[in-house]
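[1] Sharing a model that was predicted from the sequence below.
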Amino acid sequence: MHPELAAQLTVDGLLLGGVFALAALGLNVIFGVTRIVNLAHGEIIVLAALCAAVVFQRFGITPIELLPAEFIAGALLGAILERLVFRRLPPDPAGAETTSLLLAFGVAYFIVGFSLAVFTGDFRSVAYLTSSWQLGPISVGQSRFVAFVAALAIAGALAVLLRSTALGRGLRAASQNVEGARACGIDIGRMRTISFALGSGVAAAAGGLVSMIYAVNPDSGSQLTLLAFSVVALGGLGSYAGTLIGAAILGVAVSFGGFLGSAQIGQLIPYVIFIAVLLFRPSGILGKSAT
Amino acid sequence: MTDRRIAASVAILALCAILPPLGSGYVQSVFYIAVLYIALAYGWNVIAGYGGYLSFGQVTFFGIGAYAVALGVTQLHLPWLLCAFAGGAIAAVLAVPLGYLMLRLRGPFFALGMLGLAQTTRIAAEAAPFTGGSAGIYLPPGSNTLPAYYWTLAVLALAMGMTLWVDRSTFGLRLRALRADERAAGTLGVDVTRFKVMAFVISAIVPGLLGGGYAWYLTYVDPASVFSTHIELQTVAMVILGGVGTYWGPFVGGALMSQVSQSLGARFPQGHLMIFGGLIVALLIALPRGIVPALTAALARRSARA
């Protein structure tokens, strides 16, 4: 392969990785605190992307301007889901895992059906910043670059929140040791609601950025769920730096796969990586804990 | 208890065999769809209900069965029944290595892995040179409802028979032991992997056999409809409604819900997914064990009082 082409594909892939990372971080926050694997994560991302596309088309509000609203709406949805649905789990851990998976499956297809009723099955995206900058031999798509920068900014804000605020300490404590956190006076129920709100808010923000890069329809949700999970599988569950590196690797893999094979092969890459990592290196490339 | 279950099953299956030819074409397809989903529910119940491995991708094998008939009839000019058998056999053969691979994944990762598998096979069926792509394959037109129906009814009888066997055999006991605690079951000498794969193969044969009947019934196959997660969603909802891991659960859930599904689907097609998704959530919250265990418990309470 021509080195300039390889460099181009790598840059494209790294820019994609920013949004992938954001999608996976939301998943990680929810799993860390609640131990719930939210299969409906991709559907939330897609719902947000479809909203961004329609809002841009109708009112000319760009996905970047819409980000705060997307985050708040996603957070509200997440909080409602936790309070209404995911709080009702049986007390034994095996039963809770099974029930939470089935609940998430039901929620996912509820959202798919809702999106189909509201947005139809059409593929939608936002035609915003469609030109590109030329840096020597490499062209940088403006929409991809802006999405990348926005994704990193949100990921950075999330890191600051988790590291340096009282709320972040509460969330981290709840994800490390539930009994210990409770003994220190942390309201675990509240932390679970907040983690769902935060994770879904981040997912919705990621969805807004996805609309600038990909065309999605209501059925794209499970693909984005798999994508977020393959990032998490690569980086290891619960590892913040791992998620960023996993997302970069996946972005580059998708970029190369889509170019060398076909769009369909590009679609399959997250799944292939997901299975391969879980079978051969279940703790992730950088992760500490096996699942 | 077992004798009564066999007698009741035979009686119900016999009724299902006698009634449809007496009705109109509409009645026949109502029966076909009901029996199809009940049988799919029995198939899913073995690996998910008894084995505790939630699969969101058994529809993969349904699609493979459907393509076996579509391709066998149009390309190789074989009789459809033979191809439908072959579809079940192919599903079983594929399920062995797939089971060994996938069942190494635990809990949520298995569920996701299977969901992805169904998507992968759908994309493969769209891309492969011999499947007609996303346009699909048309079979010779004809009125095939009754032949497809009897095939599906025979598969249902097989699925119920296998479930009864799982329910009362030591195989089923071991399966439930590994559902309760896989590590403990392994320590006590249960060959965990072998039994998991066996359950997975049973749960693959049933949709594999059913897919061929569906292709013959519709006389049309395309990737979006036979690898559809909607089929998976309905199957899962039916087992939850009836009772996961019970003998009568798939029957009760499937019979009730396929009627709801058919009347809703005609009037309100977009809302279909919303209603099934919402129903799964509502059932898990309000009636987590399903109708059959709830009824059994109520009956036991009444007889204890009397």
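    Yep, that arrived. Residues are numbered from 1 along each chain as shown, chains lettered A, B, ... in the order given.
[2] Once you drop chain neighbours, what's closest to residue 242?
    No chain in the question, so chain A it is. Take A:Gly242 and drop its neighbours on the chain: the residue closest to it by CB to CB, 6 or more residues apart in numbering or on different chains is A:Gly235, 3.0 Å away. Glycine gets a C-beta too; all of them are placed from N, C-alpha and C.
[3] not quite, I wanted chain B
    Nearest one to B:Gly242, counting by CB to CB, 6+ apart, is B:Gly253 at 2.8 Å.
[4] can you map out the strands along the stretch 1-150 of chain A?
    Across the stretch 1-150 of chain A, reading from the start of the chain, the strands by DSSP state E, counting those that start in this stretch fall at A:132-135, A:138-141.
[5] Please read the previous query as pertaining to chain B.
    Using DSSP state E, the strands of chain B run over residues B:137-138, B:220-221.
[6] and the residue of the stretch 1-150 of chain B found nearest chain A, how many neighbours?
    Residue nearest to chain A within the stretch 1-150 of chain B (CB to the nearest CB): B:Pro108, separated by 3.6 Å. Look at B:Pro108: counted by other CB atoms under 10 Å in any protein chain shown, it has 22 neighbours.
[7] Could you measure from it over to B:Leu101?
    Between B:Pro108 and B:Leu101 the computed distance is 17 Å (CB to CB, to the nearest Å).
[8] picking that back up, burial-wise, tell me which of the strands of chain B comes out on top.
    Between those, strand B:220-221 has the highest mean count of neighbours, a mean of 21, where neighbours are mean count of other CB atoms under 10 Å in any protein chain shown.
[9] quick one: strands adjacent to that one?
    Strand B:220-221 has these partner strands in its sheet, going by DSSP bridges: strand B:137-138 (antiparallel).
[10] got a list of contacts for the partner strand?
    By CB atoms under 8 Å, 6 or more residues apart in numbering or on different chains, the list of residues contacting strand B:137-138 from outside reads B:67, B:70-71, B:74, B:131, B:219-222.
[11] can you tell me which helix in the chain is longest?
    Just so you know, I chose chain A. helix A:3-34 (DSSP state H).
[12] think we crossed wires, I meant chain B
    Secondary structure assigned by DSSP H gives helix B:192-218 as the longest helix of chain B.
[13] Return the set of buried residues in it.
    B:192, B:195-218 (16 or more other CB atoms under 10 Å in any protein chain shown).
[14] what's near enough to touch the closest residue to B:Phe109 other than its chain neighbours?
    Nearest residue to B:Phe109 in three dimensions, chain neighbours excluded: A:Leu278, at 5.6 Å (CB to CB, 6+ apart). Counting by CB under 8 Å, 6+ apart, A:Leu278 makes contact with A:233, B:105, B:109, B:113.
[15] How about A:Ile273?
    Residues near A:Ile273 by CB under 8 Å, 6+ apart: A:230, A:233-234, A:250, A:253.
[16] What is the nearest of those to A:Ala155?
    Proximity of these to A:Ala155, judged by CB to CB, is greatest for A:Leu250, which lies at 15.1 Å.
[17] Without its sequence neighbours, what residue ends up closest to the residue most central in space within chain B?
    Against the mean C-alpha coordinate of chain B, by CA atoms, centre = their mean, the closest residue is B:Leu40 at 1.8 Å. Distances taken as CB to CB, 6+ apart put B:Thr235 closest to B:Leu40, at 4.6 Å, once the chain neighbours are dropped.
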